[in-house]
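Peer 1: here you go, sequence then predicted model.
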Amino acid sequence: MNRPNKEEYESMTEAQRNNWYLQILEMHQTMWGFNPHGAEYFDSEKILETINQAADFFGLPMPKVTEAEDTVAKIKTNEEAKNTELFYNLKVMQDKGVNNLDALRLCLVHEMCHQALRNTQFWIFPNELWIQELACDIVAGAYAEKYFIATNKYKWVVGMKNATPTHPGGQMRKNAVDYGRENLSKVIDKDGSPLLDRILNLVPPFVYEHMLELAKSWKAIQEMDWDKTFFNPPSPAPIDIDRLPDSNLIKQAVLKYRTQLKEKENHYENHQQ
Ligand SMILES: [Zn+2]
């Protein structure tokens, strides 16, 4: 599907315009909560091509790309932007729902945006990391609008995530993607400054608009005992076998094992004598 130009749009009938509007809704709709948009196969070559496009958009050199074990995609940024490393895992991506080209493109734009923002700090909220994430999602949304990319799958993937010390909650991230997409037109043909800078001007108004929600969510995160709940899950309590009912299979197995052990010991002792 391609976006009609002005002339094409003007020559559309009312019904065609309605149809067009519905198609756009579908591209960005995730409200029913189920997995939108079918899966498409892509391979490592497609990933490299997509990273190249994203790097181009930010005016960054192509990063070193490595297949990693346990991540959808993550980027190791550095000061110089020269030795950026991007890690991804095709299988994890597909499993987590980044399984069509539009979702892939937005996921990689988000990652490359972290590198583009390596020297940018917003300082408009106590947790700068959250604002960096939201900025990357706003940029992903604006990128989707510029290149006519569906956002539904990407939003579905990020929308399921809970807030953590490093990432704001999924609903806020979905809002950020929509905000970037819906407001690109306001910044696209302003002055001659770089497009990325103009898109980043959208970050403070978005944050102020959602300040109360963000502050509540950040407070809840700080009140959680992360050492206990997230980083160091408590070790399982030892099982007291004698307190389990006789019908319990674990108890039966342990008792059987103990009896066998006893028998073996007896056997050994017998031989000693
Ligand atoms: Zn990120």
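Peer 2: Looks like it came in fine.
Peer 1: ok, residue 254 - contacts?
Peer 2: residue 241 (CB atoms under 8 Å, 6 or more residues apart in numbering). Where C-beta positions appear, they are placed from N, C-alpha and C, glycine not excepted.
Peer 1: show me what contacts residue 111?
Peer 2: Counting by CB under 8 Å, 6+ apart, residue 111 has contacts 54, 73, 74, 75, 86, 136.
Peer 1: could you report the neighbour count for the first one?
Peer 2: The tally of other residues near residue 54 (other CB atoms under 10 Å) stands at 25.
Peer 1: excluding its backbone neighbours, what's nearest it?
Peer 2: Residue nearest to residue 54 in three dimensions, not counting chain neighbours: residue 112, with 4.3 Å by CB to CB, 6 or more residues apart in numbering.
Peer 1: mind showing which ranges of this structure have poor pLDDT?
Peer 2: Within the chain, the ranges that satisfy pLDDT under 70 run 1, 31-38, 79-82, 226-236, 268-273.
Peer 1: and the helices in it?
Peer 2: 6-10, 14-28, 44-58, 90-96, 101-116, 128-147, 152-159, 170-188, 195-200, 203-209, 211-223, 226, 249-272 (DSSP state H).
Peer 1: and the longest one, what's buried?
Peer 2: Which is helix 249-272. Buried residues in helix 249-272, counting neighbours by 16 or more other CB atoms under 10 Å, are found at residue 251.
Peer 1: pull the distance from that helix to the chain's centre.
Peer 2: 53 Å (CA atoms, centre = their mean, to the nearest Å).
Peer 1: now it - C-alpha only, CSV.
Peer 2: Output in CSV follows, covering the C-alpha atoms of helix 249-272 (Å, rounded to 0.1, in the frame of the first residue of the first chain):
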residue,chain,number,x,y,z
LEU,A,249,4.9,-38.2,45.2
ILE,A,250,8.1,-36.2,46.1
LYS,A,251,7.8,-37.6,49.7
GLN,A,252,7.4,-41.1,48.3
ALA,A,253,10.4,-40.8,46.1
VAL,A,254,12.6,-39.3,48.8
LEU,A,255,11.6,-42.0,51.3
LYS,A,256,12.2,-44.7,48.7
TYR,A,257,15.7,-43.2,48.0
ARG,A,258,16.4,-43.1,51.8
THR,A,259,15.4,-46.7,52.2
GLN,A,260,17.7,-47.7,49.2
LEU,A,261,20.5,-45.8,50.7
LYS,A,262,20.1,-47.5,54.1
GLU,A,263,20.0,-50.9,52.4
LYS,A,264,23.2,-50.1,50.5
GLU,A,265,24.9,-49.0,53.7
ASN,A,266,23.8,-52.2,55.5
HIS,A,267,25.0,-54.2,52.6
TYR,A,268,28.4,-52.5,52.8
GLU,A,269,28.6,-52.9,56.6
ASN,A,270,27.7,-56.6,56.2
HIS,A,271,30.7,-57.1,53.9
GLN,A,272,33.0,-55.3,56.3
